[in-house]
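**Student:** with the input below, show me the fold.
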Amino acid sequence: MFVVDIMVSLSPLLTRRDVLPFGQAPYDWLVHILGSAVPAFLVTAALHGSEGVRDLAARCLRWRVAVRWLVFALLGMPVAMLLYATAVYGAVPLTALAARWTLVFTQVLPLLVVLSCSPISLRRSASQGSCSPGSSSVTGRCGPAL
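**Tutor:** The predicted structure is shown next:
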C-alpha cells in the first residue's frame, strides 16, 4: 500500500496544485484510491470472487444515514461559525454575507461538497468495506484493526 502511495507521489504532474479546483492535487485523490480502494478490491476478489467484489462495492456505496443528517453535517459547521463570528464581531459578518451572498453558491458549497467526498472518506470506506464481505457489522473479523 505504501509503495503505491510513494510511486504516485513521485510524479510531478500528480503533485501540482493547479490541476484540480480548490487547490487540490491529483495526488490527494489518487493516493487514497490506488493505495486503499484498489488493494481492498483485489484482496476481496482473490478471497471471495466476483460476488465478494459486488458486495464490497455495495457496502462502500450504501447510504447509512438519512439525507437530513448529511445536510446537517455539511451545513452545520458553516452556520455555527457564522453565528460565532456574529457573536464576536457583531453584525459585520452578516453584512459581508449579505453583500456577497453569491459566493455561498459559487465557492463555499462546492468546496464543502468536494471536501465531503474527500480522499479520507474514500480511504475509510475502503478500509471498512474490506473486512469480510459476509459480515454485517464493522466489528466483524477485522474489528480490532479498525
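
**Student:** quick check: chain neighbours aside, which residue is closest to residue 111?
**Tutor:** Closest residue to residue 111 apart from its sequence neighbours, by CB to CB, 6 or more residues apart in numbering: residue 22 at 5.3 Å. Every C-beta, even on glycine, is put in place using the N, C-alpha and C of the backbone.

**Student:** quick check: the gap between the one you found and residue 48.
**Tutor:** Distance, residue 22 to residue 48, using CB to CB, to the nearest Å: 37 Å.

**Student:** comparing these two, which residue is more hemmed in?
**Tutor:** The residue with more neighbours, out of residue 22 and residue 48, is residue 48; 16 against 10, by other CB atoms under 10 Å.

**Student:** tell me the SS of the more buried one?
**Tutor:** Here residue 48 is recorded as helix under DSSP: H, G, I helix; E, B strand; the rest coil.

**Student:** distance check, it against residue 54.
**Tutor:** According to CB to CB, residue 48 stands 10 Å off from residue 54.

**Student:** overlap of the contact sets of the two?
**Tutor:** Listed as contacting both residue 48 and residue 54 by CB atoms under 8 Å, 6 or more residues apart in numbering is no residue at all.

**Student:** all the helices of the protein, residue numbers only.
**Tutor:** Ranges of helices in the chain, per DSSP state H, are 2-9, 26-32, 38-61, 67-89, 92-99, 102-103, 109-116, 119-129.

**Student:** least confident of the ones you listed, on average?
**Tutor:** Mean pLDDT per stretch puts helix 119-129 lowest among those, at a mean of 52.

**Student:** just name the most buried of the helices of the chain.
**Tutor:** Of all the helices of the chain, helix 26-32 carries the top mean neighbour count, a mean of 19, counting by mean count of other CB atoms under 10 Å.

**Student:** hmm, back to that, quick one: the residue nearest to residue 111 from residue 112, how far?
**Tutor:** Distance of residue 22 to residue 112, computed by CB to CB: 10 Å.

**Student:** once you drop chain neighbours, what's closest to residue 23?
**Tutor:** Closest residue in space to residue 23, ignoring its immediate chain neighbours: residue 17 at 5.0 Å, by CB to CB, 6+ apart.
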